[in-house]
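S.K.: Everything below, folded, please.
(one chain, ligands or ions: 1)
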Amino acid sequence: MHRLYENNDIVVFWNSDKCFHSKKCVTGSPKTFDINRKPWIDVTLADNAEIWQTIEKCPSGALGVLFRHGIDVIMDQDNNRSVAFDGDRVIGECDYSVSESGWNMYHTEVFEEYGGKGIAKRLVYKVIEASEKNHVAIGATCSYAAKVLGE
Ligand code: SF4
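M.R.: Have a look, this model is predicted:
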């Protein structure tokens with residue numbers, strides 16, 4: 001299961017398939033990671049430094065964290081894509097096709113001047129997360145999306 005959690009400053013990535021339940025996150029930032037709560041991750045309850053340092057100690061790679069850089073990433077399911085915005089300006093998207101066998105991410109692009117900020121990963125994660133919430137199989141012919149899917 002892939003999920004994204006955001007506050008004004010950071011984005012946390014969670015891939016349950018990789019977690020081996022060492023609970024370092026739960027002890028490192030108990031307000032953020034609470035296995036008795038749904039959703040079990042809430043990135044609004046502790047300061048960012050604590051969350052960041054805790055995630056860096058995750059031994060499995062199930063958790064990841066990046067700065068938001070003021071960029072919003074949303075799902076636009078009506079148009080089969082996730083979209084990144086800098087204010088009102090579209091600065092990237094991940095497009096997928098829909099068929100009986102599921103969704104296929106075939107194109108991921110972020111404007112060059114926004115490179116190196118992890119926006120493409122957020123775009124792909126957003127589509128993966130949406131596919132899982134919709135109980136639809138997900139694949140990728142876009143090589144970047146396939147890499148994120150396989151991480
Ligand atoms: S620290 Fe990482 S591996 Fe351990 S429970 Fe948390 S997410 Fe899972």
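
S.K.: in the longest helix along the chain, what's buried?
M.R.: Longest helix in the chain, counting residues (DSSP state H): helix 119-133. Buried residues in helix 119-133, counted by 16 or more other Cβ atoms under 10 Å: 119-131. Any C-beta I mention is one placed from the backbone N, CA and C, and that applies to glycine too.

S.K.: What is that helix packed up against?
M.R.: strand 2-6, strand 10-15, strand 72-76, strand 81-86, strand 89-99, strand 102-110, strand 138-140, helix 143-150 (3 or more Cβ pairs under 8 Å, 6 or more residues apart in numbering; DSSP states H and E).

S.K.: nearest to the ligand, of those?
M.R.: Checking these against the ligand by Cβ to the nearest ligand atom gives strand 10-15 as the closest, at 7.1 Å.

S.K.: and the residue of the chain positioned farthest from its centre, what pLDDT?
M.R.: In the chain, the greatest distance from the average C-alpha position (Cα atoms, centre = their mean) is reached by residue 100, at 24.9 Å. Looking at residue 100, its pLDDT stands at 96.
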